[in-house]
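[1] from the sequence below, what's the structure:
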Amino acid sequence: MPFKFDFKNFSLMSLIERRGWIVAGAFALAAAILSWVMLSQERVRLANQAKQNLAAFQENTLDIVLAKADIPSGKLISENMLYTQRIDKNSLPAEAATSVARVVDRISTVSIKEKYMIPVDKLVWPTTKETTLAAKTPIGKRAMTIAVDNISSLLGMIKPGDYVDVIGVIPLPVEVEGKQAAEPATVPLFQNVLILSVGTELGAGSEKESVSRRKASEFTPKESAAPLITLSLSPEEANILAFV
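    Numbers count the residues shown, from 1 in each chain. Here you go, the predicted model:
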């Protein structure tokens, strides 16, 4: 019996199978796209959550300065003797140092154990037989004196060795009724600036020098001039302040 092939049925079956593969491929592609979209959204969500967690951590924590090794009393503290660690703000002791710059080149009046915090209230500047402004000015810094009023100087409560923020009052040109005028604007200039001296007080002299200075001031007429404060600034900061 001769063999007969039904081409009509074969073509129909092939078309059905082909359409089935196309539909299956379309579903697979749609599933892949949907998975990619979901993974991308999850990745973005996790990244945003990580940023929020980091911001919350930084907002609620603060750096604290600790000793890498035991620091004996009277030892001049250098930067390689210190390290920082972030802790919760609520558990931060009031006397804890939060800036390495406030500790370097100072002397502790007490012994500090390894991994213990550096207490700023126990730090003093090294004293010499003759204290000079040049000796007190850190390497790479410039001493610059500015005049301040009693309000800016906190009625004399600012002392040498303190750190302050410097805010300048800059006249900005404005137009008033068609005429040019200057309006003062308050601009923050620098942060965490070391005070080298207040007036002629360097704050690091011997007790004998301090006593003699106080005795001399008793016989010196009081002047109404604005108090002078000498700041420790970088060359760039000094140039900026010179034009303010």
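
[2] and stretch 176-193, what's buried?
    By neighbour count on 16 or more other C-beta atoms under 10 Å, the buried set for stretch 176-193 is F190, V193. For the C-beta atoms, the positions are set from N, CA and C on the backbone; glycine is no exception.

[3] apologies, that question was intended for stretch 88-102.
    Buried residues in stretch 88-102 (16+ other C-beta under 10 Å): A96, A97, T98, R102.

[4] just stretch 73-80 next, same as before
    I77.

[5] and the next helix or strand past the helix or strand hosting W21?
    Element membership of W21, judged by DSSP states H and E, is helix 7-60. Later in the chain than helix 7-60, the nearest helix or strand by DSSP H and E is strand 61-67.

[6] and the top strand by length along the chain, what does it pack against?
    Using DSSP state E, we find that the single longest strand of the chain is strand 179-198. Using 3 or more C-beta pairs under 8 Å, 6 or more residues apart in numbering; DSSP states H and E, the elements in contact with strand 179-198 are helix 133-136, strand 163-176, strand 228-233, helix 235-242.

[7] angle of it against helix 235-242?
    With axes from the mean of the first three to the mean of the last three C-alpha atoms, to 10 degrees defining the directions, strand 179-198 sits at 130 degrees from helix 235-242.

[8] hmm, back to that, quick check, nearest of the buried residues of stretch 88-102 to K68?
    A97 (13.8 Å; C-beta to C-beta).

[9] break the protein down into its domains, please.
    According to automatic domain parsing, the chain comprises the domains 60-124, 133-242.

[10] got those domains as TSV, with mean pLDDT and distance to A30 columns?
    Output for the domains of the chain, formatted as TSV (pLDDT from 0 to 100; distance: least, C-beta to C-beta, whole Å):
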stretch	mean pLDDT	distance to A30
domain 60-124	89	45
domain 133-242	75	56
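
[11] looking at those domains, which is buried most?
    Per residue and on average, the most neighbours among the domains of the chain fall to domain 60-124, with a mean of 15 (mean count of other C-beta atoms under 10 Å).

[12] give me the distance from it to the chain's centre.
    17 Å (C-alpha atoms, centre = their mean, to the nearest Å).

[13] swap in stretch 231-244?
    Taking the mean of its C-alpha atoms, stretch 231-244 sits 19 Å from the chain's own mean (C-alpha atoms, centre = their mean).

[14] ok, back up a step: figure out which of the helices and strands packed on strand 179-198 is closest to Q41.
    Comparing these by C-beta to C-beta, strand 163-176 comes nearest, at 43.5 Å.

[15] so that closest one versus strand 228-233, what angle?
    100 degrees.

[16] partner strands of strand 163-176, parallel or antiparallel?
    Take DSSP bridges as the rule and strand 163-176 pairs in its sheet with strand 179-198 (antiparallel).
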